[in-house]
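Trainee: sequence plus predicted model, see below.
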Amino acid sequence: MAISEEKSKAMWLQIAVTYGYVTLWIGLSSTVIMYNKWVLSFSGFPYPVALTLWHMVFCSFLATVIVKLGYVEPIGMSRETYLRAIVPIGFLYAGTLWLGNAAYLYLSVSFIQMLKALMPVAVFGVGCIFGTEAYSPATLANMLVVSLGVAIASWGEINFVLVGVALQMLSIATESTRLTLVQILLQRRGLKLNPITTLYYLAPACAAFLLVPFALIEAPKMLADAELVIAPAIMISNAAAAFGLNMAVFLLIGKTSALTMNIGGVVKDWLLIALSWALFHSPVTAVNLGGYALAFAAVCWYNVQKLNAMRAAAEKTAPSSESTDEELASLMKDGKTRSPSVKRPAGTSAEHKRSPST
C-alpha cells in the first residue's frame with residue numbers, strides 16, 4: 001500500500017514538474033513574441049534585422065561567458081564539423097529570425113500564428129525532398145487540408161498585407177529547412193548540445209550572417225532616422241527575454257520531450273491570438289477563426305497519427321537497447337501520464353519547437 005502511494009505521489013510530482021516547464025515556456029514564448037511586436041511596431045524601433053542581430057550578440061556573449069567561466073563544458077567540435085553542420089544551420093536560423101520578425105511590421109500577431117499552421121506542411125515537403133519524411137497519399141491529403149484552412153483564414157484577414165505574408169512564408173521555408181538539416185547534420189553526427197553550448201556555437205554564426213543585411217539594408221536607414229528610439233532598458237530586457245526563451249525551450253525538451261512542448265504550443269497559439277486581439281486590438285473575423293480551426297484540426301489529426309506510429313515503433317524496441325532514440329524514450333515516459341491527443345513536432349525530434357525569438 002505504501003509503495004502504491006509512493007508511486008502515486010511520484011507520478012503527480014512528475015506531472016506537476018512537467019506542466020511547470022510547459023507553463024514557463026508558454027509564458028516566455030508569448031512574452032517574447034508580444035514584446036518583439038511592440039518593439040518593432042510601436043516603440044520607434046522598426047528594424048527587425050538590428051533587433052535580431054542584437055538578440056544573437058547578447059546570447060553569444062552570455063553563452064561565451066558561461067562557458068569560459070567553466071560552468072558548462074564545450075563539446076569537442078572539429079572545424080570541418082562546424083563548417084558543414086553549424087554554419088548552414090546558423091544561416092537558416094538567421095533567415096528564420098529576420099524574416100519572422102520583419103513580418104510583425106506588416107501583420108498582426110494573431111494572423112502570423114495562423115500562418116504558422118503551415119509549418120508541418122513545409123517540414124513534410126522538405127523532409128520528403130531530403131528523405132527524412134516518408135511520402136504517403138494520406139499524409140499529402142492531410143497537408144492539403146491544412147493548407148486549405150490557412151487559405152480560408154487568409155481570405156478572412158482584414159489587414160492582409162502581401163509583403164508581410166511573403167516574409168512569413170519565407171520564414172517558414174527557412175525554418176522547415178533548418179529543422180531538417182538539424183536532423184541530418186547534427187543528430188546523425190551524434191552531437192549532444194545543451195542550451196548553453198547550442199547558443200555558444202550557433203549564435204555567433206547566426207550573428208555573422210545577420211551582419212550582412214544589417215550593414216547593407218538597415219544601418220544606413222538607422223543612421224538617417226532622426227526619430228529612431230533606442231532605449232537601453234527595453235533592448236536589454238528584450239534580449240534577456242529571448243535568451244530566457246532559448247533556455248526554456250531546451251529545458252522543456254530535455255526534461256520532458258519535444259512532444260510535450262507541442263502540447264503547450266496548442267495553448268500558446270490560441271493564447272497569442274487572444275492577446276493580440278486584446279492588447280493590440282487586432283481584428284479577428286469569424287472566417288479567420290473558421291479557417292484556422294480547420295487547419296488546426298488537420299494538424300492535430302496528423303500529429304496524433306504520427307504519435308501513434310512513434311509509439312508503435314517504440315514498443316518494438318527493447319528499453320535496454322542502446323539504439324533507442326532519446327526522444328522515443330521521452331515519448332514512452334510521457335505516454336504513461338498524458339493523453340495521446342497531442343500536437344507533435346513536425347520534423348525533428350528534439351529541435352522542433354517554435355523559433356525562439358519569433
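Mentor: Happy to help now that I have it. Numbering: from 1, shown residues only.
Trainee: quick one, strands of the stretch 51-200 of the chain?
Mentor: Counting by DSSP state E, counting those that start in this stretch, the stretch 51-200 of the chain forms no strands at all.
Trainee: does His281 count as helix, strand or coil?
Mentor: coil (DSSP: H, G, I helix; E, B strand; the rest coil).
Trainee: how far away is it from Ile273?
Mentor: As for His281, its distance to Ile273 is 13 Å (criterion: Cβ to Cβ, to the nearest Å). To be clear about C-beta, it is placed using only N, CA and C from the backbone, and glycine gets the same treatment.
Trainee: those two: which is more packed in?
Mentor: Ile273 (22 against 8; other Cβ atoms under 10 Å).
Trainee: which residues does the more buried one contact?
Mentor: Val109, Ser110, Gln113, Met114, Val284, Tyr292 (Cβ atoms under 8 Å, 6 or more residues apart in numbering).
Trainee: dump those to TSV, plus pLDDT.
Mentor: Shown next, in TSV, are these (pLDDT from 0 to 100):
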residue	pLDDT
Val109	89
Ser110	89
Gln113	87
Met114	89
Val284	84
Tyr292	86
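Trainee: turn those residues into a markdown table, including neighbour count and distance to Gly190.
Mentor: Output for those, formatted as a markdown table (neighbours: other Cβ atoms under 10 Å; distance: Cβ to Cβ, whole Å):
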| residue | neighbour count | distance to Gly190 |
| --- | --- | --- |
| Val109 | 24 | 38 |
| Ser110 | 24 | 40 |
| Gln113 | 22 | 35 |
| Met114 | 29 | 37 |
| Val284 | 20 | 45 |
| Tyr292 | 26 | 39 |
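Trainee: and which of these is nearest Pro232?
Mentor: Nearest to Pro232 among the contacts of Ile273: Val109, at 25.1 Å, using Cβ to Cβ.
Trainee: how about the closest one: what's its closest non-neighbour residue?
Mentor: Spatial nearest neighbour of Val109, excluding adjacent residues (Cβ to Cβ, 6 or more residues apart in numbering): Ser276 at 3.8 Å.
Trainee: that neighbour and Tyr104, how far apart?
Mentor: 11 Å.
Trainee: mutual contacts of these two, please.
Mentor: Joint contacts of Ser276 and Tyr104 (Cβ under 8 Å, 6+ apart) are Lys37.
Trainee: pLDDT below threshold where in this structure?
Mentor: Residue ranges of the chain with pLDDT under 70: 1-3, 5, 186-188, 250, 253-266, 317-358.
Trainee: which stretches of it form helices?
Mentor: For the chain, applying DSSP state H gives helices covering 2-41, 48-68, 79-81, 87-103, 109-115, 119-130, 137-155, 162-181, 195-213, 219-224, 232-255, 258-279, 286-315, 326-335.
Trainee: which residues touch Tyr200?
Mentor: By Cβ under 8 Å, 6+ apart, the contact set of Tyr200 is Ser60, Ala63, Thr64, Ile66, Val67, Val72, Pro74.
Trainee: now those in JSON lines, with neighbour count and distance to Tyr200?
Mentor: Output for those, formatted as JSON lines (neighbours: other Cβ under 10 Å; distance: Cβ to Cβ, whole Å):
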{"residue": "Ser60", "neighbour count": "20", "distance to Tyr200": "8"}
{"residue": "Ala63", "neighbour count": "24", "distance to Tyr200": "4"}
{"residue": "Thr64", "neighbour count": "16", "distance to Tyr200": "6"}
{"residue": "Ile66", "neighbour count": "16", "distance to Tyr200": "8"}
{"residue": "Val67", "neighbour count": "17", "distance to Tyr200": "5"}
{"residue": "Val72", "neighbour count": "15", "distance to Tyr200": "8"}
{"residue": "Pro74", "neighbour count": "14", "distance to Tyr200": "6"}
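Trainee: of the residues you listed, just say which sits nearest to Val212.
Mentor: Ser60 (16.6 Å).
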